[in-house]
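Q: quick one, what's the 3D model for this:
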Amino acid sequence: MRGVTLAMAWRSVSQLRAATVCSQDAAYAMGNSVQYLTRAAPCPQIAACSPSVAGRDGMRVTTPAMVMWAQMQRHGNAGEADRQQGHARLCHKYPQHASFWATSSDNNKPESSSCHIHMQPHYQQKQQQQQQQQQQHSAPDASLTTAAPAGIASSSPLPSSQVTPALGSPNNPVNISGVLSPQLAYSKAVETGTYKAATQPWKTFLLANLAGIYVGFGSFLALTVGANLQEMAVSNPGLQKFLYGAIGLPAGLVMVLVCGAELYTSNTALMPVAFYEKKASLQQLLQNWAISYGGNFLGALALVGLVAASGAFNEAAAVGPCAIAEYKCHHTWLQALTRGMLCNWLVCIAVWQANAASTLGGKAIGVWLPISAFVSMGLEHCVANMFMIPCGMSLGANITTQEFLVNNLIPVTIGNTISGVLFVGTAYSLAYGRLGDRASKVFAKYGL
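A: This is a model prediction of the structure:
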């Protein structure tokens, strides 16, 4: 029995000697499974091996992939047809090692054996399937074919890898220069509204207070700088209005978006898109609006108290804030309503653009342009007015609380809400969301 065991062991050693390989990959493949170490004569190619292998004093390392190679060498003694069948069976038996040699391009590996050629059928078939799938996914759209210029013979369409689809194409909603495509920007707005709907009420209230304070800080800056350029307002009113809009309110909204806060006016667009996509209920929408509006008002009033206590506005500096507050409360009801509609249209677009940007600079630019525009044009924002008008009242502006609420805050809030819901939330749901899918089915019946 002992003699039979030694004979079988010698036979296994003889088979494994055929699988001896002097390559760095084979040495590091030891961790794949059980390792076989056989003491034998130095490998003929040991001089060509890497130092990490050559330093093993001819120790030969055998792994399942190498056993497979040795078995294929035995098939090499048979006829061509039998050898092909044997290789195919081995590739299916050891699919996880079929690419061990097929992908080899290392000159240090033994290229003289037939296994380098015949290890590939299984791997090549898998590679062809992957290439076919990639071609199907990257097939060029007919609208992306390029026509040859005049005087040049027309050629076949460029491969999809050489064609850059237009930004916003339904077939390619890609991220270019850190800005999401319109489709992806809508999806992100839906995700934001969904998150807001799931936020606990006490957190919504806390973040709403912060939003009122942040917008109040922006209004504080605008009243400090732009509102006090009285001489410029007479000599160059356009420049004074631009400075009044460019310095102040944009900084407040950037703080809201980057630091995280619940601003009522932007929620009039973000919550409806989540509702349209069935990611938020009507109760969640109304609850978010009520809590964020109340929190914004409380935060703004708290900052007014702090500013009044600080004495930041002396008698000369108080002229501008008082004039701004009185001017805002002397619009007609219709004027305040429409100015509120126009204002929040731009505010929601600013938030939409900031959400589409992935960098702080991109968010700041996306906010600055629309916000500075609405302030310079004299439009009305309810949350900004929650600070500006009470601040002017604390400094001596001739305004009653009733005038503040009835002539300004109520109509401006209604206008802000209408534009956020209709002009931004509903409009983009029709363009990229469920409302658009429903509308397409209706129009399709009439051939539109």
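
Q: quickly find the element holding residue 183.
A: Under the criterion of DSSP states H and E, residue 183 resides in helix 182-198.

Q: list of residues touching that helix?
A: Under the contact criterion CB atoms under 8 Å, 6 or more residues apart in numbering, helix 182-198 has outside partners 168, 170, 173, 175, 180, 204, 262, 267, 269-275, 277, 279-281, 284-285, 288, 352, 355-356, 428-429, 431-433. C-beta coordinates here come from the backbone N, C-alpha and C atoms, glycine included.

Q: give me the buried positions along the helix or strand hosting residue 302.
A: Secondary-structure assignment from DSSP H and E places residue 302 in helix 282-310. Taking 16 or more other CB atoms under 10 Å as the basis for neighbour counts, the residues of helix 282-310 that come out buried are 284-285, 287-289, 291-301, 303-304, 307.

Q: by how many degrees do it and helix 182-198 diverge?
A: On the basis of axes from the mean of the first three to the mean of the last three CA atoms, to 10 degrees, helix 282-310 is oriented at 80 degrees to helix 182-198.

Q: tell me the mean pLDDT over helix 282-310?
A: Per-residue pLDDT values over helix 282-310 give a mean of 97.

Q: next helix or strand past that helix?
A: For helix 282-310, the succeeding helix or strand toward the C-terminus, using DSSP H and E, is helix 319-328.

Q: and that following helix, which residues are buried?
A: Within helix 319-328, the residues that qualify as buried are 320, 321, 322, 323, 324, 325, 326, 328, counting by 16+ other CB under 10 Å.

Q: in TSV, list the residues you listed along with distance to residue 341 and pLDDT.
A: Below are the buried residues of helix 319-328 laid out as TSV (distance: CB to CB, whole Å; pLDDT from 0 to 100):
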residue	distance to residue 341	pLDDT
320	26	91
321	25	93
322	27	94
323	25	93
324	21	94
325	21	95
326	23	95
328	16	96
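
Q: out of these, flag the one nearest to residue 369.
A: When these are compared for distance to residue 369 (CB to CB), residue 324 comes out closest, at 22.3 Å.

Q: reformat the buried residues of helix 319-328 as JSON lines; add distance to residue 386.
A: What follows is those, written out as JSON lines (distance: CB to CB, whole Å):
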{"residue": "320", "distance to residue 386": "18"}
{"residue": "321", "distance to residue 386": "14"}
{"residue": "322", "distance to residue 386": "17"}
{"residue": "323", "distance to residue 386": "18"}
{"residue": "324", "distance to residue 386": "14"}
{"residue": "325", "distance to residue 386": "12"}
{"residue": "326", "distance to residue 386": "16"}
{"residue": "328", "distance to residue 386": "11"}
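
Q: ok, residue 252 touching residue 223?
A: No. Here residue 252 does not reach residue 223: they are 11.9 Å apart, not a contact under CB atoms under 8 Å.

Q: and for residue 203, the neighbour number?
A: Other residues near residue 203 number 11, with proximity taken as other CB atoms under 10 Å.

Q: the host helix or strand of it packs against which elements?
A: Following DSSP H and E, one finds residue 203 within helix 201-224. Secondary structure elements in contact with helix 201-224, counted by 3 or more CB pairs under 8 Å, 6 or more residues apart in numbering; DSSP states H and E, are helix 249-259, helix 282-310, helix 319-328, helix 382-394.

Q: how is residue 262 assigned, secondary-structure-wise?
A: Secondary structure for residue 262, judged by DSSP: H, G, I helix; E, B strand; the rest coil, is coil.

Q: count the neighbours of it for me.
A: When neighbours are counted by other CB under 10 Å, residue 262 comes out with 26.

Q: just residue 234 next, same as before
A: So residue 234, with other CB under 10 Å, has 9 neighbours.

Q: wait, residue 296 touches residue 213, no?
A: No. With contact defined as CB under 8 Å, residue 296 does not reach residue 213; the gap is 9.1 Å.

Q: now the helices for the stretch 301-448 of the chain?
A: Using DSSP state H, counting those that start in this stretch, the helices assigned to the stretch 301-448 of the chain run over residues 319-328, 333-356, 360-376, 382-394, 401-402, 410-418, 427-432, 434-445.
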